[in-house]
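Visitor: what follows is a predicted protein model with its sequence.
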Amino acid sequence: MSLDLSSYRDLMVALLPELVLTGWTLVLILFVAWRHKTIRDLRVAGGLTLAALATTAGVTWWLWWNRTGVAGIAGMVAGDDFRWVVDWIFLGAAALTVLISISYLEREQLFAPEYYILLLFGTLGMMVMAAGSDLMVIFLGLELMSVAVYVLAGFDRRRARSAEAALKYFLLGAFASGFLLYGIALVYGATGTTNLGLIGAQVGLMGTPSVMLVAGLALLLVGFGFKVAAVPFHMWAPDVYDGAPTPVTAFMATGVKAAAFAALFRIMIQGFAAVPAWHDMLWWLAVVTMVGGNLFALAQRSLKRMLAYSSVAHAGYLLVAVSSGTSAGTSAFLVYVVAYTLMSVGAFAVLSAKGRGGESEVTIDDLAGLASRRPWLAFALAVCMLSLLGFPGTAGFIGKWYIIIAATSAGQNVLASILVLTSVVSAGYYLPVIMAMYMKPEPIEAAHVDVVLDRWGRAAVAFAVVALLLFGVWPNRLFDLARSAGDSVRPTMTTTTSGQ
Amino acid sequence: MYARWVLTALLAWPVLAAVAVLFVPARLAKYVALAGSLVELAISVPLWWTFEPATGMQFIVAHPWIPAWGIQYMVGLDGISLFLVLLTTFLMPLSILGSWSYITKREGGFYALLLVLTTGMIGVFVALDLFLFYVMWEVMLIPMYFIIGVWGGDNRLYAAIKFFIYTFLGSLLMLVAIIVLYLQAGRLTGTYSFSYMHLLSQVGLLGSGGTAWWLFGAFFLAFAIKVPLFPLHTWLPDAHVEAPTAGSVILAGILLKMGTYGFLRFAVPFFPTVALDPTVQLIIVVLALIGIIYGGLVAMVQPDFKKLIAYSSVAHLGFVMLGIWALTLQSVQGALLIMINHGISTGALFFLAGMMYERRHSRLIEAYGGIARVVPMLAAILTLVSLSSIALPGTNGFVGEFLVLLGSFRTYPIATALATTGVIVAAAYLLTALQRVIFNPLTQEDNKTLPDLTARELIVLVPLVIGILWIGIYPKPFLRRMEPSARQFIELVRPGATQNQPTMAVGGGQP
C-alpha cells in the first residue's frame, strides 16, 4: 500500500512500529515505577521487553508484507523495504541483548529494571534513524539512541571504569553530534532543505557541487565516523566498549553501529548520489579503518578490547560497502550486519559468562583449556571467531563475499584486495582465541568451573551459532530479503546518473 | 546410477561418519573412524573401472545452490582428479590405522577431524564451481589447523598458525580474483555463473591485458604457497615436522597436491597467455629448479628425519611444476604420476618416521644407527621406500621423474639437465640418512631393544609398498587413464601442441 504522509491516518500507519514500541516503553515505565524491588520484577521487566520487541517486529512484518511505501519524495519518513529489514536487525539485536542481560544484571547485582527501558529507548532511536528521510528526523533518532546508550554505558555506576566509559562516550558523542549538526546546517545552507529527496534533486541540478555542500558532507561523514568508530575517529571505542557492561557493549557494537550505517546509507544514496567526492572520502576512511582496526586489535591481550578493535575493523569492511555506492553495496551491508550482529552477540555472551565476579578483565590466555571444560561454549565462541574472520561455512564469509562482490562490481578491486589482506591480519587475533581454548591446557584445575550461562543466555548463543552456520551454507532467503531491501533505497534524482 | 551419486556420497559420507565418531564412546572412536574410512574407500574403488578415459569430465552432478549469484553445487571427475580422489580415499584408512597408538588424547575429536578433512580434500578435487572450490579449499584448513595445533609436537602452536596464515593469505587473494573473473565473464556474456566450464569458455575473451596478469598472480600465489614453490615454502617444514604422523602423511600426500592441481585445473587453463609468457615461464621454471636443488641440499643437512622428508617434498614438487610447465604429453603425465607417487612414497616415509618416533621418542637421525639388526622388517621397508623416493628404476618414483625429465627436455633442455642433478642429490641425502639410521654400528643401548613392526603397522605399510611396486613395474593402467585429460590440458593451453608428440614411451597410449 502507498501512504500519503500529508494525511494524519497514513502518517500514523507509517510510524506504526515506532508508535507501538513507544507504547510498550511507556507501559514498561509504569510497571517499573510501580514494581522495582525484587529480582522477580527485574525478570518480568525483561520478559515485557522481549514482548515489546516481538510485537514491534510483528507490526514491522505486517507493513513489510503489505509492501508499504510512501508516495512522493519529500516525506519526513521513508517507507521502504530497507527500513523494515533494518528494523528487524535492530529489534533482533535488542532481543539478543536482553537475553544475555537477564543473568548478567543479577550476577553483577544491577537491580534496576530501568535498564530495559533505556534499551527500548535506544532501539526506538535506531528505528527513527533508519526511518528518517530528512536530516532532522535522522538527527532526532540519533540523539534519542545516543542519550539512552550513554546512560547504559555507565549503568554499572559502582564501577569506576563504567562511569569513565559513560563520560568518555558522552563527551565524544556530543562532539560527534556537534559535527553532524554543523554538517546538516551547511548542507541546508547549500541546498535550502534538510529533506534527503529534495537535497538529491537540488544536488542533481547543481552540476559541480559547491564548496559549502562538500564541507557539509565532510562534516556529516566526520559525525558518522565518530558514531561507527571509524579510524581516526575511533579513539573512544576501546575504552567505552571495555568499560561498559558486557551486554551493553554487545548492543553498542551491533545495534548502534548498524543504525549509524543505515542512516549513512540513506543519506549518501538518496541525498548525495550526484556528488562523487564522497566516494573518495569513504575510500580513504575505509582503508584507514580496516588497516588501523586490524593492526590495533592485533596488539590486544584483553578479549573485550580485542573485540572492540575488531568492531572498528568491521566498521571498515562496512565502509567498503558504503563506498561502492550501489544497491548491491546496500544489500551487502544488510547481509553483513545480520552476520555481524549474530557473531558479536555470541562472542560477547560467552565473554560475559567468563568474566564473572565484578567484570574482571578477561585476557585471551584466560580462556586456556575452555574446550575441555565447557565444550559447547568453546565451540560457540570458535564458530563466532571463525565467522568474524570470514571463514567459509559461516555467515561472516557470506557477508564478506557480498561486500567484495559489491566493491569489485563497482570497479574497486584495490579496495577489495585491501579488505582481504586486512582480513588475513585479523587471523592473527581471532585464531589465538581458538588456540587458547583448544590447544592450551587449563592453567589450574577447575579454572572454568564457574563459567556458565543461564538458559536465556544459552538460547541466545545457540540461536546465534545455528543462524551463523545456517546462513553460511544456505543464505538464499537472506539474500532475497537483502536484495529487495537494497534495491529500495535509490537515488532520488534521475537527471544525471554519475553516482551509479 | 553409480555415476549419479558417487561423488556426492564421497563428500557426504565422511561428515556423517565424523558425527558418528563424535557421539560414540571415546574408546570406540578409532574403530568407527576406520570403518567409516573403509566404507569411503569402498565407495570410491569402482571409480577405477567405471571411469571412461576418453570421455573427459564425467560423473557430473549439478544443482543450483545460491541462484542469486549463479552458484551451483557442481562436481565432476576427469583423469587428473580421479587419481587424487583415489589417493585420498586410499590414504585415509591407512592414516587412521597409523594413528592408532600415536594419538592418545581426545581421540574422538582427532578422528572426526580427519574425516571432515577427507570431505574438504575430495571437495577440492571434484568441485566444478569456483565458489564450491573456494569453500572446500578453505574448509579443509580448519581440521588441519586443529590436527597440528592440538595433537602436534612441542612447537605446534607456532606451526599451526603459520600454516593457517600462509594458506589463508594466498586463498583470500584468490577469492578476489575469482570474483573479478566471475564479474568479467558475466559482463561479456550476460550470464553470471561460477561454473568452471562457463568461465573456461570465456578464457579467450578475457584476453591478455593487465587484468589477466593480476588475476593470474592471485591464483599463482594461492597455489604456489600450497605446492609449495620456493620461496613460499617456509611454512612446510614447520607444519610437517610438528604435525602428528597422520597429519604429516596427509599434508604431504594430499594437501600439497592441491596446489599443483590448482595450476593444472585453474591457473594455467584460465590464463594461458600469461602462463606461457616467456618471463613467467622463466620465473616458474627457475623457481621449480631452485626447489629441486635447494630442497635437496637443505634436506641433506637436516639432523631431524621428519624435516629431511619435508624438504624432500619441496624437491619432488619442483619436478611436478617443471613437468606442468613443459607442456608435453610425457611431462604432464609424468607430473601427474609424481603427484601420486609422492603421496605414496612420502606418505610411507612419514609413517615410518612416526613408527620410529613411537619406539624411540626421537626424530633425530643421530638417535638411531644400526637398527637393521634389531628391526629387520622396518629396515627393509624403509630401504625400499627410500629407494622409491630416490627414483630407483623398478619403483614408482623412477617412472614419474623419468617421464618428466624426458618430456621437459624437449621444452627446456638446460633446465632439465640441471633438474637431473636433483635426482643425484636425492640419492645423496636419502642414502646417507638410510645409512646413519639403519646400517652404522649399533652403538646406543636404547636401540638394542626396539620392537619390530607389529601386525597393525604392517597392514599400514604393505598397501603402500604394493603401490610403489605396482606403479614401478606396470604403470600403464595409470597412464592410460591420465592421457586424454593430460592431452586436453595441453590443448587448452597451447592448441595443436599434442599433434606430433610421441605418446607414452612406457606402455603406449592406446585407450
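Guide: Done, it's in. Numbers count the residues shown, from 1 in each chain, chains lettered A, B, ... in the order given.

Visitor: per-residue pLDDT of residue A:167, please?
Guide: Note for residue A:167: predicted pLDDT of 92.

Visitor: which parts of chain A are strands?
Guide: Assigned by DSSP state E, chain A shows strands spanning A:2-3, A:69-70.

Visitor: pLDDT of the last one, averaged?
Guide: It refers to strand A:69-70. On average, the pLDDT along strand A:69-70 is 78.

Visitor: same for it, what does it pack against?
Guide: strand A:2-3 (3 or more C-beta pairs under 8 Å, 6 or more residues apart in numbering or on different chains; DSSP states H and E). No exception for glycine: its C-beta is placed from N, CA and C like everyone else's.

Visitor: what residue ranges in the chain score low on pLDDT?
Guide: If you meant another chain, say so; for now it's chain A. Counting by pLDDT under 70, the low-confidence segments of chain A come to A:73-74, A:356-360, A:445-446, A:492-500.

Visitor: ah, I was thinking of chain B
Guide: B:204-208, B:498-511.

Visitor: quick one: residue B:464 and residue B:349 touch, right?
Guide: No - at 9.5 Å, residue B:464 does not count as touching residue B:349 under the criterion of C-beta atoms under 8 Å.

Visitor: what touches both of these two?
Guide: Common neighbours of residue B:464 and residue B:349, using C-beta atoms under 8 Å, 6 or more residues apart in numbering or on different chains, are residue B:385.

Visitor: if we can go back for a sec, looking at the strands of chain A, which is buried most?
Guide: Most buried of these, by mean neighbour count (mean count of other C-beta atoms under 10 Å in any protein chain shown): strand A:69-70, with a mean of 18.

Visitor: neighbouring strands - and their directions - for that one?
Guide: strand A:2-3 (parallel) (DSSP bridges).

Visitor: the residue in the stretch 151-300 of chain A that chain B sits nearest to: neighbouring residues, count only.
Guide: Nearest to chain B, among the residues of the stretch 151-300 of chain A, is residue A:298, at 11.9 Å (C-beta to the nearest C-beta). The tally of other residues near residue A:298 (other C-beta atoms under 10 Å in any protein chain shown) stands at 17.

Visitor: and what of residue B:86?
Guide: Based on other C-beta under 10 Å, the number of other residues close to residue B:86 is 19.

Visitor: state the distance from it to chain A.
Guide: 25 Å (C-beta to the nearest C-beta, to the nearest Å).

Visitor: could I get the contacting residues of the closest residue to that residue other than its chain neighbours?
Guide: Of all residues not flanking residue B:86 in the chain, residue B:44 sits nearest, at 6.0 Å (C-beta to C-beta, 6 or more residues apart in numbering or on different chains). Shown in contact with residue B:44 (C-beta under 8 Å, 6+ apart): B:6, B:10, B:85, B:86, B:89.

Visitor: same thing with residue A:448?
Guide: By C-beta under 8 Å, 6+ apart, the contact set of residue A:448 is A:354, A:369, A:370, A:373, A:374, A:442.

Visitor: swap the cut-off to 10 Å and go again
Guide: The neighbours of residue A:448, taking C-beta atoms under 10 Å, 6 or more residues apart in numbering or on different chains as the test, are A:353-354, A:366-374, A:377-378, A:437, A:442.

Visitor: against chain B, how distant is it?
Guide: 16 Å.

Visitor: distance check, the closest residue to that residue other than its chain neighbours against residue B:82.
Guide: What sits nearest to residue A:448 in space, not counting adjacent residues and going by C-beta to C-beta, 6+ apart, is residue A:373, at 4.1 Å. Separation of residue A:373 from residue B:82 (C-beta to C-beta, to the nearest Å) stands at 45 Å.

Visitor: where does the stretch 201-350 of chain B get nearest to chain A, which residue?
Guide: For the stretch 201-350 of chain B, C-beta to the nearest C-beta, closest residue to chain A: residue B:214, 7.8 Å.

Visitor: that residue: neighbour count?
Guide: Residue B:214 is flanked by 17 other residues according to other C-beta under 10 Å.

Visitor: can I assume it is in contact with residue B:174?
Guide: No - taking contacts as C-beta atoms under 10 Å, residue B:214 lies outside contact range of residue B:174: 11.7 Å.

Visitor: could you check how far stretch A:436-450 is from the centre of its chain?
Guide: Distance, stretch centre to chain centre, for stretch A:436-450: 32 Å (C-alpha atoms, centre = their mean, to the nearest Å).

Visitor: give the contact list for the residue of the stretch 151-300 of chain A closest to chain B.
Guide: Counting by C-beta under 10 Å, 6+ apart, residue A:298 makes contact with A:306, A:309, A:310, A:313, A:425, A:426, A:427, A:428, A:429, A:432.

Visitor: and what of residue B:186?
Guide: So, once contact is read as C-beta under 10 Å, 6+ apart, residue B:186 ends up touching A:409, B:69, B:70, B:192, B:193, B:194, B:198, B:199, B:202.

Visitor: please identify the helix or strand for it.
Guide: Element membership for residue B:186, per DSSP states H and E: helix B:156-189.

Visitor: neighbours of residue 79, just the number please.
Guide: Answering for chain A, as no chain was given. Counted with other C-beta under 10 Å, the neighbours of residue A:79 add up to 26.

Visitor: my bad, the chain I had in mind was chain B
Guide: Close neighbours of residue B:79, defined as other C-beta under 10 Å, add up to 28.

Visitor: ok, residue B:307 next?
Guide: Neighbour tally, residue B:307, other C-beta under 10 Å: 22.
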